[in-house]
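>>> Take this sequence and fold it.
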Amino acid sequence: MLDLGIVIVSYNTCDLLRTCLQTVCASQGDFSYRVCVVDNASPDGSAAMVAAEFPQALLIHNPDNRGYPAANNQGLEALGYPDGRDAPRFALLLNPDTELPVDGLARMLAFMAAHPDAGVAGPRLQLPDGTLDLACRRSFPSPAVSFYRLAGLSRLFPRSRRFGRYNLTYLDPAETAEVDSVVGAFMLVRREAIQAVGLMDDTFFMYGEDLDWCYRIKQAGWRVYYYPEVTVMHVKRAASRHSARAQVEFWRAMTLFYQKHYGDQTAWPLHALILTVLKARTGIERWRQRTAVRSDGTR
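Below is the predicted model:
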């Protein structure tokens, strides 16, 4: 039985994907692993590059862009999750715009072994400029946490334990901590946690699916940890930075997450207000997307 199954979903990030896979292959430690790359119809030759340069990787080449969670589920299923007896002990969701230290995987696996209550763990993610990728440790976007973020209170009072909960900015970045969620750019998940809750919810397209998965895993009794003794470089939004659809999907994801996990718990007047705000923001971004398409037929 393998120790680790790694799923990398790629879209139009060929050069970054090559570097990511090179760092995976350079990993050192006493563990076994297999990599599955799921390419979402990249027009830049990503799938051909993987086939030619990394023939040991399992490659799934989709004819269209199926979205991040659906493609991850394809990779997880190909590796035997959620119920296969031969599925690796741990699954790693890894973005193609990450670069691993040589001992990163071994140290993350050792952390999970030392913390049997951990269903999910993620490392410190560092942006190319050396700063912390704030998304690598998060609280769930409850109505209160989301309000503090949208009202700008999280930026005004980042050290506040009340207002800084969105990205846990009051925590020392070097401190290991139990958190609500880590980010899907590097999400190490225990096989038993996947068996308990199933795969990712592919109702999401991009954004929100990692929060949702962590929410369900925590509801099943597991813990989620941020482990900054391992640092991974993250270019961030390499596949979506020029996409007008990205902001539409962000607000759609927040609407799905709210309705799925908080809608029934929220008093009706506040519920109606939250849905109105979320739908309005989604509508604004859809209008911007249509405007971008009209002004540039290539998008």
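>>> which residue ranges form the helices in the stretch 101-250 of the chain?
Using DSSP state H, counting those that start in this stretch, the helices of the stretch 101-250 of the chain run over residues 104-114, 143-150, 153-156, 191-197, 209-219, 245-261.
>>> Surely residue 94 is in contact with residue 186?
Yes - contact status for residue 94 versus residue 186: in contact at 5.8 Å, counting by C-beta atoms under 8 Å. Placement of C-beta: from N, CA and C, glycine included.
>>> just checking, what packs against the one helix or strand in the chain whose mean pLDDT sits lowest?
Here the helix or strand of the chain ranked lowest by mean pLDDT, DSSP states H and E is helix 268-295, holding a mean of 80. The contact analysis (3 or more C-beta pairs under 8 Å, 6 or more residues apart in numbering; DSSP states H and E) places helix 268-295 against helix 143-150, helix 245-261.
>>> and among the helices of the stretch 101-250 of the chain, the most buried is which?
Ranked by mean neighbour count under mean count of other C-beta atoms under 10 Å, those are led by helix 209-219, which reaches a mean of 22.
>>> Now residue 187: closest residue in space, sequence neighbours ignored.
Leaving aside its chain neighbours, residue 187 sits nearest to residue 93 (4.4 Å; criterion: C-beta to C-beta, 6 or more residues apart in numbering).
>>> returning to what we had before: any chance of the helices of the stretch 101-250 of the chain in CSV, with distance to residue 231 and mean pLDDT too?
CSV is the format used below for the helices of the stretch 101-250 of the chain (distance: least, C-beta to C-beta, whole Å; pLDDT from 0 to 100):
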stretch, distance to residue 231, mean pLDDT
helix 104-114, 8, 98
helix 143-150, 25, 91
helix 153-156, 24, 94
helix 191-197, 24, 97
helix 209-219, 19, 97
helix 245-261, 26, 89
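>>> Please tabulate those in TSV and include distance to residue 69 as additional columns.
Putting those into TSV (distance: least, C-beta to C-beta, whole Å) gives the following:
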stretch	distance to residue 69
helix 104-114	22
helix 143-150	21
helix 153-156	26
helix 191-197	13
helix 209-219	4
helix 245-261	10
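>>> Spell out for me which residue occupies the centre of the protein.
Closest residue to the average C-alpha location of the chain: residue 184 at 1.5 Å, with C-alpha atoms, centre = their mean.
>>> gap between that residue and residue 263?
Residue 184 sits 23 Å away from residue 263, going by C-beta to C-beta, to the nearest Å.
>>> can you check residue 34 too?
Distance from residue 34 to residue 263, by C-beta to C-beta: 39 Å.
>>> Which of those two has more residues huddled nearby?
residue 34 (17 against 14; other C-beta atoms under 10 Å).
>>> Isn't the more buried one up against residue 6?
Yes - the pair residue 34 / residue 6 is scored as a contact, 7.1 Å apart, by C-beta under 8 Å.
>>> relative to helix 209-219, how tilted is the top strand by length along the chain?
For the chain, the strand with the greatest residue count under DSSP state E is strand 223-234. For strand 223-234 against helix 209-219, the angle by axes from the mean of the first three to the mean of the last three C-alpha atoms, to 10 degrees is 150 degrees.
>>> For residue 98, give the beta-bridge partners.
Counting by DSSP bridges, residue 98 is bridged to residue 234.
>>> how many neighbours does it have?
24.
>>> hang on, isn't residue 59 packed against residue 51?
Yes - if you go by C-beta under 8 Å, residue 59 and residue 51 touch, sitting 5.8 Å apart.
>>> Compare those two (neighbour count), which wins?
A direct count of neighbours by other C-beta under 10 Å for residue 59 and residue 51 places residue 59 higher, at 18 against 14.
>>> So what touches the helix or strand hosting the more buried one?
If you go by DSSP states H and E, residue 59 is part of strand 58-62. Residues outside strand 58-62 that contact it (C-beta atoms under 8 Å, 6 or more residues apart in numbering): 34-41, 47, 50-51, 71, 74-75, 78-79.
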